[in-house]
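# could you work out the structure for the sequence below:
(one chain, ligands or ions: 1)
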Amino acid sequence: MAGIDLSDILIVGAVTLATGLFLYLRRGNGGSDAAANSAMFTSFVSKLTAILTPSTTPPTPSTPRIVSRPSKKTISTTLASMESKHKMILFYGSQTGTAEDLATRTANEVYANFGVESVVADLEDYDMTDLIKFGESLKSMGDEVGKVVIGFFLATYGEGEPTDNAADFYEWLMDGRGKGEDEDVTDIGDDMQLEQQGDGVHYIMFGLGNKTYEHFNSMGRRVSKRLDSIGAKMVGIPGEGDDDGSMEDDFLAWKPKVLEALSAYYGVKDMGGKAGRGLAHVPLFNLSEESSLPDKAVFHGELASDHKPRRFKDGPGGDDKRVFVEATAKKRILYDAKNPLFSHVTKSYNLFNETVDQLKLKPSELPPTTPSQKYTHDASTNTLNIRRECIHMEFDLSNTGLRYETGDHVGIYGANSLEQVSLLARALGLDDAALDSVVRVKANPANRQSAMAKMPFPNPCSVRTAFTHYLAITPVLKQHQLELIAKYAADETERAMIYDIVDNRNLYVEKVESSQKSMAEVLFDFRSVKLPLQVVLGELLSPIVVRYYSISSSSKKEPCTVSITAVAVRYALPSKPLMQSENSAATLQYKEGLVTAYVSRLHHKTSQLPTPEMSADDSTYPFPPLPTHVPIFIRTSSFRLPRDASAPVIMIGPGTGVAPFRGFLQERVHVASSGALKKPVGSTWLFYGCRHPEQDHLYKDEFGSLIATVDGWKQSEQDAERAKAFDLRVMNAFSRVPGQQKVYVQDIVQKMGKEVYEVLDKMRGYIYVCGDAKNMAADVNTLLHKLAAEFGGKNEEEAKKWVKNLKTTGKYHEDVW
Ligand SMILES: Cc1cc2nc3c(=O)[nH]c(=O)nc-3n(C[C@H](O)[C@H](O)[C@H](O)COP(=O)(O)O)c2cc1C
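Here you go, the predicted structure:
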């Protein structure tokens, strides 16, 4: 019984016992509501399992207890509140916002083209059991309600899993199936629970995925299959977006087909597209200035600002007053994307900050801004030197009740930099007074969609706060945003140029996407465009979305600290003005990642170094107050060390892919040092890769001292037993050492191919891969097939089966991006 210990048996036994008890007690209900029973049962078992599963993290002293969740909305109430006869509700299952964004764009077009009101909804907020006997519910609503379409925009994660906000819906709809080995089952509709209960549901489906993953778009595919099997009908064709190619292209290819099908289904004429270009835009929101509000009535950037979040009560309890207020009320606080913990940075240091990426330039391409600490220009050689920086940062969880497990992810919100906010303000013609004016965004009654539209950010707040803390102002502008911008171009030539870009995907890629032009950069090129502020704030810009990082600490060793290992994303691209001729000169535009730049600013503030915003020659350069607290929450992952620490583990993690493995190594040494184990910790091999041993070698000393600790045990008579099987090794690959051949992690794994195969095949070993999905993880996967053939004598089919078996038995884990 590999990998199963006594606690597993106890849990399985207790769950089985409790299942019997649950079913016995539920009999009294007559079992009339099968779906509700199923959902209740699932949640009952998962809660029970959670209670029985021993936590490896000791509770912090003031761990609060009860978790409360707001009650769910019903589909029928939302439909009743919509004015148009025909209606649409678009549900999204999204982790990083793409699915929500595409659902919103579809909703806006459906309204603009057909006059059909469309609501965009978070799956987590709704009681989806409303879909049962949906046709009958619609009839009971009378003539007020015409045809209704339900939309699904579902992203796939992990190993073919739903997003967090779609998990409950998926569990209910699939009745607990449709995962892992169940993926290929064809009879998912043959149970009695939901048979034909989906009659009356008309739906559209767009799945979001990435072809480099084995379970490409599983969510869209499985949910469609299940809906069809219970009697629901798809309108149009299913859409599948591939992030490895172009999600945007896939969406744009699907959209016209689905709009055509919707037009036929609703029986309405399409008023949108090019025909609608002559019509004036009716903004979704109005804007009012609120100059006389007291400071505490104004939002200041709840997610990542230095300002104390408005909802916090005064009194003791650290920065996050909820911890104090709610802990005394004996409630457990559920921290998630909507309700992050405001955590303090306890430690922050550079893992490297000395090397640069060099870009050769044409003299005309020089960036227009003053060289800064992030990049410098060497005029004699015409090179741009962009500083590479990697940061180790630790967040405090003490007394918060927030726990994590080694291998989990931490979600972090970022903020835009002062430079980016100033650039956008200049492009929009806003001066400091306009930026600091406090505004309130309100639904515009002239646009019927507005009644159901989600407020773009907490209101009222200053324009500066909205640009800094709530809205993503730097992403490359998309074609649908340009379509709206064109309506506000006063100059006909400019308007015609914008429509050319909107209508011609290749032109868009060449002129906008390839140089990643942001809204500010595009507006500088089209000077006749005068955008109303409410359109910028409420319709053109999307909210800042959370980014996830692999946790690089061990919960067993450091239960009150979560650490991340982040490389600052910095690069530069040549960019040409949009309204000038082919031969006009390009300039180089410096770009950076939103959250990693925020982490870098935070680090420089925390460590009291000059901030990277400061220009090299101006030490008085002002910069916005940086956060003293960081909004974070934990996302559970299945990237876990084996329960049985004596099982050998192989880890492959180049670059920041090493992050979770720092936690894994710490944990294995911690577990061995605690001496509580009956069997010694098994072999622990890390394959690590970076460019150069002296430049970007992460945690070199730390790993060295862990190896020395274990070696020390082996030398000591007293400790030798615990270190007996503990073969701790870190094997390095360096890809940019002058005069030497490039070596990648895949190469050093291949060199040890025989041992790796034996650990996995004969010694119940586990393999973990973290980092780049497209090249490294795909190469490792191919390599495993080769090893099975070379050292296991397997043919192609058998090798495939062997690798698949490693995955389905939980022995092969990937945390890749
Ligand atoms: C950690 C991670 C795991 C993923 N797993 C899968 C997968 O198993 N199958 C798939 O088709 N796509 C997978 N994807 C791709 C996402 O579904 C895709 O990027 C999608 O656009 C994300 O949508 P969202 O921004 O709405 O969350 C994964 C992406 C990440 C970052």
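# got the contact list for the residue of the stretch 101-250 of the chain found nearest the ligand?
Minimum separation of the stretch 101-250 of the chain from the ligand (Cβ to the nearest ligand atom) falls at residue 209, amounting to 2.3 Å. Using the backbone N, CA and C atoms, a C-beta is placed for each residue, glycine as well. Residues near residue 209 by Cβ atoms under 8 Å, 6 or more residues apart in numbering: 155, 156, 216, 217, 218, 219, 220, 240, 241, 242, 243.
# in strands only, show me these.
Counting by DSSP state E, those place 155, 240, 241, 242 in strands.
# please, a PyMOL command that selects the buried ones among those?
Buried members of those, defined by 16 or more other Cβ atoms under 10 Å, are picked up in PyMOL with:
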select buried, resi 155+240+241+242
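# of the ones in strands among the contacts of residue 209, which are in range of the ligand?
By Cβ under 6 Å from any ligand atom, the members of the ones in strands among the contacts of residue 209 lying near the ligand are residue 155.
# spit out the contact partners of the residue of the stretch 351-500 of the chain found nearest the ligand.
Relative to the ligand, the nearest point of the stretch 351-500 of the chain is residue 409 (8.2 Å; Cβ to the nearest ligand atom). Shown in contact with residue 409 (Cβ under 8 Å, 6+ apart): 548, 549, 550, 551, 634, 635, 637.
# any chance of these in TSV, with neighbour count, distance to residue 82 and secondary structure too?
Shown next, in TSV, are the contacts of residue 409 (neighbours: other Cβ atoms under 10 Å; distance: Cβ to Cβ, whole Å; DSSP: H, G, I helix; E, B strand; the rest coil):
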residue	neighbour count	distance to residue 82	secondary structure
548	21	34	strand
549	23	39	strand
550	26	42	strand
551	28	42	coil
634	22	37	strand
635	18	33	strand
637	20	38	coil
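# between these, which is closest to the ligand?
Looking across these and measuring by Cβ to the nearest ligand atom, the closest to the ligand is residue 548, at 7.4 Å.
# which stretches in the stretch 251-400 of the chain count as helices?
321-328 (DSSP state H, counting those that start in this stretch).
# up against the ligand, what does this protein have?
Checking the chain against the ligand by Cβ under 6 Å from any ligand atom, the hits are 94-99, 155-160, 163, 208-210, 213, 215-217, 243, 247, 817.
# close enough to count as contact, residue 223 and residue 170?
Yes: under the criterion of Cβ atoms under 8 Å, residue 223 makes contact with residue 170 at 7.1 Å.
# more neighbours: which of these two?
residue 223 (25 against 22; other Cβ atoms under 10 Å).
# quick check: beta-bridge partners of the residue of the stretch 101-250 of the chain closest to the ligand?
residue 242 (DSSP bridges).
# show me the helices in the stretch 601-750 of the chain, by range?
659-674, 700-715, 745-751.
# pick the most buried one from those helices.
Among the helices of the stretch 601-750 of the chain, helix 659-674 has the highest mean neighbour count (mean count of other Cβ atoms under 10 Å), at a mean of 23.
# so what does that one touch, helix or strand wise?
The elements that helix 659-674 packs onto, with contact taken as 3 or more Cβ pairs under 8 Å, 6 or more residues apart in numbering; DSSP states H and E, are strand 547-550, strand 561-567, strand 649-652, strand 684-690, helix 700-715, strand 728-734, strand 766-771.
# just how off-centre is that helix within its chain?
26 Å (Cα atoms, centre = their mean, to the nearest Å).
# cool, stretch 584-591 as well?
30 Å.
# what does stretch 129-137 give?
For stretch 129-137 - counting by Cα atoms, centre = their mean - the centre lies 32 Å from the chain centre.
# contacts for stretch 433-440?
287-291, 293, 298, 421, 425, 459-464, 466-467, 533, 537.
# may I have it as CSV, with CA atoms only?
Output of stretch 433-440 as CSV, limited to C-alpha atoms (Å, rounded to 0.1, in the frame of the first residue of the first chain):
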residue,chain,number,x,y,z
ALA,A,433,-5.7,68.8,-9.8
ALA,A,434,-7.8,66.6,-12.1
LEU,A,435,-5.8,63.6,-11.0
ASP,A,436,-6.5,64.3,-7.4
SER,A,437,-10.2,65.2,-7.8
VAL,A,438,-12.4,62.7,-6.0
VAL,A,439,-15.0,61.2,-8.3
ARG,A,440,-18.0,58.9,-8.1
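# worst-scoring helix or strand of this structure, pLDDT-wise?
Within the chain, judged by mean pLDDT, DSSP states H and E, the helix or strand with the poorest mean is helix 34-52; its value is a mean of 34.
# for the residue of the stretch 651-800 of the chain found nearest the ligand, which residues are in contact?
Nearest residue of the stretch 651-800 of the chain to the ligand: residue 773, at 7.8 Å (Cβ to the nearest ligand atom). Residues in contact with residue 773 (Cβ under 8 Å, 6+ apart) are 210, 212, 213, 814, 816, 817.
# mind checking which of these are in strands?
814, 816.
# now the end-to-end length of stretch 632-648.
32 Å (Cα to Cα, to the nearest Å).
# mind listing what's buried along that stretch?
The neighbour-count check on stretch 632-648 (16+ other Cβ under 10 Å) flags 632-635, 637, 639-642, 644-645, 647-648 as buried.
# so how far is it off the chain centroid?
With Cα atoms, centre = their mean, you get 19 Å for stretch 632-648.
# ditto for stretch 681-698
Worked out by Cα atoms, centre = their mean, stretch 681-698 lies 26 Å from the chain centre.
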